[in-house]
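**Q** Okay, structure incoming, though there's no sequence with it:
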């Protein structure tokens, strides 16, 4: 059911006045969904980045400096499950060369 045009105008004016008084804005359902999706994507990207950082840190602790090539290969991986697998391998693998081979097999 739609409001008549004159009532729509009155509603918009009152809503605007209310928002100004409360210094808050009405968020539609669609906007709320967009906000939630954006937050979810941000959290997921943050988890991916943390996984990448964790792998490199484990490799640095175990083997010293990690080459730029290996770092770039790790940062290219965006799959959380793959990053988890590589983190476990970084903890147990014998050398950086073997780890680089593991990356090649995983990707």
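**A** Perfect, thanks for sending it. These numbers come from a predicted model, not from an experiment.
**Q** ok, the residue positioned nearest the centre of the chain to residue 39 distance?
**A** The residue lying closest to the centre of the chain (C-alpha atoms, centre = their mean) is residue 45, at 1.7 Å. Between residue 45 and residue 39 the computed distance is 11 Å (C-beta to C-beta, to the nearest Å). For every residue, glycine as well, the C-beta is placed using N, CA and C.
**Q** what residues are shared contacts of those two?
**A** Taking C-beta atoms under 8 Å, 6 or more residues apart in numbering as the contact rule, residue 45 and residue 39 have no neighbour in common.
**Q** Who are the contact partners of residue 52?
**A** Contact partners of residue 52, counting by C-beta under 8 Å, 6+ apart, are 74, 75, 77, 83.
**Q** returning to what we had before: name the residues of the helix or strand the residue nearest to the centre of the chain falls within that are buried.
**A** Take DSSP states H and E as the rule and residue 45 turns out to sit in helix 29-63. For helix 29-63, the neighbour count (16 or more other C-beta atoms under 10 Å) marks 48, 51, 52, 54, 55, 56, 58, 59, 62, 63 as buried.
**Q** Just give me the neighbour total for residue 76.
**A** Neighbours of residue 76 under the rule other C-beta atoms under 10 Å: 10.
**Q** Excluding residues flanking it in the chain, which one is nearest it?
**A** Of all residues not flanking residue 76 in the chain, residue 107 sits nearest, at 7.7 Å (C-beta to C-beta, 6 or more residues apart in numbering).
**Q** Tell me the pLDDT of the one you found.
**A** If you check residue 107, the pLDDT there is 76.
**Q** okay, now it: neighbour count?
**A** 11.
**Q** looking at it, it is touching residue 78, isn't it?
**A** No. Counting by C-beta atoms under 8 Å, residue 78 is not a contact partner of residue 107; they are 10.5 Å apart.
**Q** returning to what we had before: quick check, nearest of the contacts of residue 52 to residue 96?
**A** Nearest to residue 96 among these: residue 74, at 11.7 Å, using C-beta to C-beta.
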